[in-house]
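K.L.:
Please work out how this folds:
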Amino acid sequence: MSYKAAPNVSVIIPFYKNLAYLEECVKHCLDLDYPNYEILVVSNSPIRLRYERVKVVVTDKLGQGYKKDLGVAHASGEICAFIDDDAYPSRDWIKNAVKYFNDLDVVAVGGPGITPPNDSLMQKASGLIYSLAIGGGKFSHRYVAKETDNVDELPGYNLFVRKSFLKEIGGINVDYRSGEDSILSQRIVKQEKKFRYASDVIVYHHRRPLFTGHLKQVATYALHRGYFAKKHPETSAKLFYMLPSILLIAIAFWTLLSMPIPMLRPPLVMLIAGYFAFSFVSALLASRILKLSVLTSVGVALTHLTYGIFFMKGLFTKELGERPSY
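P.N.:
Predicted coordinates:
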């Protein structure tokens, strides 16, 4: 790509409260290997940043969707690049992304959010859970830089979208605290446009540490996915999303059944032991760190348990509305 032909890009950072992470994000954004971009921070309270190139937009809304839409309204770029305030981009982030827009049918590009090397042990355990097939499942590609064609949604924390397309569809959905990326991907498909998942469009995304922060985040994801399963069945009413809840119900039923029938207990114990063993071995092969693998195997179980419960809660929630997950 010739720099002379480089489209103008607006980097939009929705900000909530972690100023240290925001400073890190902005610092890396200022060092991007790309000649034609601006940086906008959308905050729900006034903040002072020491960088003249960064424009701060203030809103009283907490939701990511609201902040992203406001960022788009103030953006001058042809392409809007969204990144979370607790992430920071690789130096070639924009340069690698814009080349995919040479295909005029491509209206959005997304990529992985890799756990930063300086994250704590508990944060790395959270990231490892998401990146393992037994933990992140079909979304595990979002947490490691690997090629994959099996992508039906783009991640909102690392997302490039043509501004013209956002205007055409009336902006990003603002009704929910989480899941706007799922709804946006659905709209792209309905408009018969294309999106591209690219493993070389990389950001480093800090994790919520095990156990409390991680599980709160999982609960928010699951609550929204369960709610979307009835509100947006075309994207969320799929067996994959329901599996943790189905398995949780099956194990609970099996446990109750084994109380009066003792011969059912050994298979149940063997199944649970095998589950933990598989989680541990998967984590050990991926990390080569014993302590991290032990934490991860416990975290996988608690992740599935939390997800299964809150997915079912989402199914029975009448109105979800906008709510912060912090």
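K.L.:
and residue 44, what does it touch?
P.N.:
With contact set as Cβ atoms under 8 Å, 6 or more residues apart in numbering, residue 44 has these partners: 15-16, 58-62, 67. For the C-beta atoms, the positions are set from N, CA and C on the backbone; glycine is no exception.
K.L.:
Which of those sits closest to residue 204?
P.N.:
Nearest to residue 204 among the contacts of residue 44, counting by Cβ to Cβ, is residue 15 at 17.1 Å.
K.L.:
just checking, that closest one touches residue 85?
P.N.:
Yes. Counting by Cβ atoms under 8 Å, residue 15 touches residue 85, with 4.5 Å between them.
K.L.:
Identify the contacts common to the two.
P.N.:
22, 41.
K.L.:
Can you pull out the low-pLDDT segments for the protein?
P.N.:
The chain contains residues with pLDDT under 70 at 1-4, 173-178, 321-326.
K.L.:
host element of the residue nearest to the spatial centre of it?
P.N.:
In the chain, the residue lying closest to the centroid (Cα atoms, centre = their mean) is residue 155, at 5.0 Å. Residue 155 belongs to no helix or strand when elements are defined using DSSP states H and E.
K.L.:
how about it, what does it touch?
P.N.:
Neighbours of residue 155 in contact, by Cβ under 8 Å, 6+ apart: 110-113, 142, 181.
K.L.:
what about the closest residue to residue 158 other than its chain neighbours, distance to residue 304?
P.N.:
Leaving aside its chain neighbours, residue 158 sits nearest to residue 203 (4.5 Å; criterion: Cβ to Cβ, 6 or more residues apart in numbering). In this view, residue 203 and residue 304 are 26 Å apart by Cβ to Cβ, to the nearest Å.
K.L.:
Show me the domain layout of the protein.
P.N.:
By the record's domain assignment, the chain is partitioned as 3-111+154-209, 213-315 (automatic domain parsing).
K.L.:
circling back to that earlier point, for PyMOL, what selects the buried ones among the contacts of residue 44?
P.N.:
Here is the PyMOL command that selects the buried residues among the contacts of residue 44 (16 or more other Cβ atoms under 10 Å):
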select buried, resi 15+16+59+62+67
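K.L.:
Now distance to residue 194 too, for the contacts of residue 44, in JSON lines please.
P.N.:
Output for the contacts of residue 44, formatted as JSON lines (distance: Cβ to Cβ, whole Å):
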{"residue": "15", "distance to residue 194": "30"}
{"residue": "16", "distance to residue 194": "32"}
{"residue": "58", "distance to residue 194": "35"}
{"residue": "59", "distance to residue 194": "31"}
{"residue": "60", "distance to residue 194": "36"}
{"residue": "61", "distance to residue 194": "30"}
{"residue": "62", "distance to residue 194": "32"}
{"residue": "67", "distance to residue 194": "26"}
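K.L.:
tell me which of the contacts of residue 44 is nearest to residue 310?
P.N.:
Of those, the one sitting nearest to residue 310 (Cβ to Cβ) turns out to be residue 62, at 19.8 Å.
K.L.:
Tell me, how many residues neighbour residue 132?
P.N.:
Residues near residue 132, counting by other Cβ atoms under 10 Å, number 23.
K.L.:
is it true that it touches residue 293?
P.N.:
No. Residue 132 lies out of contact with residue 293 (Cβ under 8 Å); the separation is 10.3 Å.
K.L.:
who touches both of those two?
P.N.:
residue 283.
K.L.:
before we move on, back to that, list the ones among the contacts of residue 44 that fall in helices.
P.N.:
Among the contacts of residue 44, the residues falling in helices (DSSP state H) are residue 67.
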